[in-house]
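J.: model this:
(2 chains)
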Number of protein chains: 2
Amino acid sequence: MGPGKAELLDAIERTGSISAAARSMGMSYRRAWLLVDVMNRCFAEPLVETQPGGGQQAGARITEAGKRVRAAYLALVAEAREGTESEALELLTQSLRE
Amino acid sequence: MGPGKAELLDAIERTGSISAAARSMGMSYRRAWLLVDVMNRCFAEPLVETQPGGGQQAGARITEAGKRVRAAYLALVAEAREGTESEALELLTQSLRE
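T.: Predicted coordinates for the structure are as follows:
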């Protein structure tokens, strides 16, 4: 059990940047960046928006789509039986893979 | 691509029974029953409630928990990029498996 994507979204919202989020999770910046990249590619709209530069405006934030995905994900997890969150979601993703 | 669980939940709501739902999807009753059983076990509360007997009251219906799970699932799928719904959800389930 290591740091996951949903947790990374939370950390980005909390810290306002991918590097600070990665640091707070004990994750490398490279890994965090890759996870964000995959999340952004998998969904119709990016879940995380980055603002390049070194000023006050620099950093990353969760988009509205990111908030919707996180909320729906947390709602599913909340319904899952304790200890079987993974199986419950796996079960639903199978619907699409069949 | 075959009949999935989310579709089965819809069919049960529409038809009011597991057997009719299975029939409408060209799925065996045994397979539909097993899928319902797994769904009910994976979540904290059952997603489908059955009423035994042969009368007007007999049949199956989706519970409130079932409706919440379906809504959250559909919300996630709606956010996924077309053609990558499966990958998008897979990505999120990995959060829990890591």
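J.: switch to C-alpha atoms for all contacts and neighbour counts from now on
T.: OK.
J.: Not counting sequence-adjacent ones, nearest residue to A:Thr15?
T.: Of all residues not flanking A:Thr15 in the chain, A:Ala21 sits nearest, at 5.8 Å (Cα to Cα, 6 or more residues apart in numbering or on different chains).
J.: Show me which helix runs longest in chain A.
T.: Longest helix of chain A, by residue count under DSSP state H: helix A:64-79.
J.: Any residue of that helix touching chain B?
T.: Yes - using Cα under 8 Å from any Cα of the partner chain, helix A:64-79 reaches chain B at A:65, A:68-69, A:72-73, A:75-76, A:79.
J.: okay, now A:Asn40: neighbour count?
T.: 19 (other Cα atoms under 10 Å in any protein chain shown).
J.: Verify the contact between it and A:Pro46 for me.
T.: Yes - with contact defined as Cα atoms under 8 Å, A:Asn40 reaches A:Pro46; the gap is 4.2 Å.
J.: where along chain A do the strands fall?
T.: For chain A, applying DSSP state E gives strands covering A:48-51, A:59-62.
J.: Of those strands, which stretch is the most buried?
T.: With neighbours taken as mean count of other Cα atoms under 10 Å in any protein chain shown, the strands of chain A reach their highest mean count in strand A:59-62, at a mean of 21.
J.: Kindly spell out which helices and strands sit in contact with that one.
T.: Packing partners of strand A:59-62 (3 or more Cα pairs under 8 Å, 6 or more residues apart in numbering or on different chains; DSSP states H and E): helix A:5-15, strand A:48-51.
J.: partners of the last one, with directions?
T.: Within its sheet, and counting by DSSP bridges, strand A:48-51 is paired with strand A:59-62 (antiparallel).
J.: and the partner strand, how far from the chain's centre?
T.: Distance, stretch centre to chain centre, for strand A:59-62: 11 Å (Cα atoms, centre = their mean, to the nearest Å).
J.: now could you export just the CA positions of that strand as PDB?
T.: Only the C-alpha atoms of strand A:59-62 are listed here, as PDB (Å, rounded to 0.1, in the frame of the first residue of the first chain):
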ATOM      1  CA  GLY A  59       2.000  25.800  -9.200                       C
ATOM      2  CA  ALA A  60      -0.800  23.300  -9.800                       C
ATOM      3  CA  ARG A  61      -4.400  23.100  -8.900                       C
ATOM      4  CA  ILE A  62      -7.200  20.600  -9.300                       C
END
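J.: A:Arg23 contacts A:Tyr29, correct?
T.: Yes - counting by Cα under 8 Å, A:Arg23 touches A:Tyr29, with 7.4 Å between them.
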